[in-house]
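Trainee: quick check, what structure comes out for this input:
(one chain, ligands or ions: 2)
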Amino acid sequence: MTTYFIADLHLNEHQPGITDLFLQFMSEKAPLAEAVYILGDFFDFWIGDDENSPLIEQVKQAIQNVTQQGIPCYFICGNRDFLLGKRFAKETGLILLPDYHKIDLYGHSTLLCHGDTLCTDDVTYQRFRQKVHQKWRQTLFLLLPLRLRLHIAQKIRAKSRQDKRTKPAEIMDVNPQFTAQIAEQYQIEWLIHGHTHKQAVHSCQKFATSDRLFTRIVLGDWGKTASILAVDKQGFQFNLERE
Ligand code: OKV
Ligand code: MN
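Mentor: Ligands and ions are numbered 1, 2, ... in the order given. This next block holds a predicted model:
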């Protein structure tokens, strides 16, 4: 039996090929899986579970189809789809997980997260995150009519695209010290996350001065191809080796 991990599909209307790859994954691979974990930025943006579109409907159908076959599908929200909520979960059978979630993966203690919380050097983003994760702001935002939410979200995205152009690339990766601290705190052997779009397997030290190691597995984003991590009792494997 295999457990699959995916992240950063950034599903959107302008790249129907990605939706097709996901639907293909859900009809071919997922039904044979032990579990499926979606580690955030599944949708490119999400402004409330009441929004609907042919894309959203298709995706919901695909998830519901898999969960109804008894395959658990889990979700950790990303920095873009953090408003995906209980209504979506109820409609699809998707199981919502907190920002950090520790599991036993075939004998390996493993921590799962989206990855944005590990990028502590991007102070501007962390400030943005803290703001939009405030419960009262989310409640207020979700009370607004859908059209107004769409309008506000468009403005926020335009502003963010502007800011991004002046951001140095180094701060966009995980902070190694912070990540090691998390690994130590959760007492894990493996860390699986996405967000940085840099598919890789890193061997990391928990402390600069110790030989205690953990493995950081980074999921890739989706585009022309899917990025799927498959784990079974033999170990882990990506669907495609990328550079
Ligand atoms: C998601 C990101 C846009 C990054 C707004 C409260 C507030 C939620 C929201 C609006 C935006 C999500 C929900 C989106 C992520 C961006 C731009 C940059 C870096 C409020 C709660 F404050 F307005 F009240 N939002 N959307 N960004 O368009 O999906 O992650 S979004
Ligand atoms: Mn992300």
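Trainee: so how far is the first residue of stretch 113-124 from its last?
Mentor: 20 Å (CA to CA, to the nearest Å).
Trainee: do you know how far residue 83 is from ligand 2?
Mentor: Residue 83 sits 14 Å away from ligand 2, going by CB to the ion, to the nearest Å. The way it works is simple: take the backbone N, C-alpha and C, and place the C-beta from them, glycine included.
Trainee: in this structure that residue contacts residue 50, no?
Mentor: No - counting by CB atoms under 8 Å, residue 83 does not reach residue 50; the two are 10.6 Å apart.
Trainee: can you show me the helices along the protein?
Mentor: Along the chain, the segments classed as helices by DSSP state H run 16-28, 54-68, 86-92, 123-132, 135-143, 146-164, 176-186.
Trainee: compare residue 83 and residue 50 (neighbour count), which wins?
Mentor: Under the criterion of other CB atoms under 10 Å, the comparison of residue 83 against residue 50 puts residue 83 first, with 21 against 12.
Trainee: might you report the residue contacts of the residue nearest in space to the middle of the chain?
Mentor: Centroid check for the chain by CA atoms, centre = their mean gives residue 40 as the closest residue, at 1.8 Å. Contact partners of residue 40, counting by CB atoms under 8 Å, 6 or more residues apart in numbering, are 7-8, 75-81, 114-116, 194-195.
Trainee: also residue 27?
Mentor: 62, 65.
Trainee: tell me the confidence at it?
Mentor: The model reports residue 27 with a pLDDT of 98.
Trainee: just the contacts of residue 40 now: which is nearest residue 107?
Mentor: residue 76 (21.8 Å; CB to CB).
Trainee: please report the distance of that closest one from ligand 2.
Mentor: In terms of CB to the ion, residue 76 sits 11 Å off from ligand 2.
Trainee: neighbours of that residue, how many?
Mentor: 25.
Trainee: cool, the one 3 residues further on as well?
Mentor: In terms of burial, residue 79 registers 18 neighbours under the definition other CB under 10 Å.
Trainee: returning to that earlier point: buried ones among the contacts of residue 40?
Mentor: Among these, those buried by neighbour count (16 or more other CB atoms under 10 Å) are 7-8, 75-81, 114-116, 194-195.
Trainee: now these as a markdown table including distance to residue 237 and pLDDT?
Mentor: Converted to a markdown table, the buried ones among the contacts of residue 40 look like this (distance: CB to CB, whole Å; pLDDT from 0 to 100):
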| residue | distance to residue 237 | pLDDT |
| --- | --- | --- |
| 7 | 16 | 98 |
| 8 | 18 | 98 |
| 75 | 22 | 99 |
| 76 | 21 | 99 |
| 77 | 26 | 98 |
| 78 | 23 | 98 |
| 79 | 27 | 98 |
| 80 | 27 | 98 |
| 81 | 26 | 98 |
| 114 | 22 | 98 |
| 115 | 20 | 98 |
| 116 | 25 | 98 |
| 194 | 17 | 98 |
| 195 | 21 | 98 |
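Trainee: in strands only, show me those residues.
Mentor: Secondary structure of the buried ones among the contacts of residue 40 is defined by DSSP state E; positions in strands are residue 75.
Trainee: can I get the buried ones among the contacts of residue 40 in a markdown table including distance to residue 20?
Mentor: Formatted as a markdown table, the buried ones among the contacts of residue 40 follow (distance: CB to CB, whole Å):
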| residue | distance to residue 20 |
| --- | --- |
| 7 | 18 |
| 8 | 16 |
| 75 | 20 |
| 76 | 24 |
| 77 | 23 |
| 78 | 21 |
| 79 | 24 |
| 80 | 20 |
| 81 | 19 |
| 114 | 24 |
| 115 | 25 |
| 116 | 26 |
| 194 | 20 |
| 195 | 23 |
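Trainee: rewinding a little: could I get the helices of the chain as a markdown table with distance to residue 219?
Mentor: Shown next, in a markdown table, are these (distance: least, CB to CB, whole Å):
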| stretch | distance to residue 219 |
| --- | --- |
| helix 16-28 | 13 |
| helix 54-68 | 18 |
| helix 86-92 | 21 |
| helix 123-132 | 19 |
| helix 135-143 | 26 |
| helix 146-164 | 21 |
| helix 176-186 | 15 |
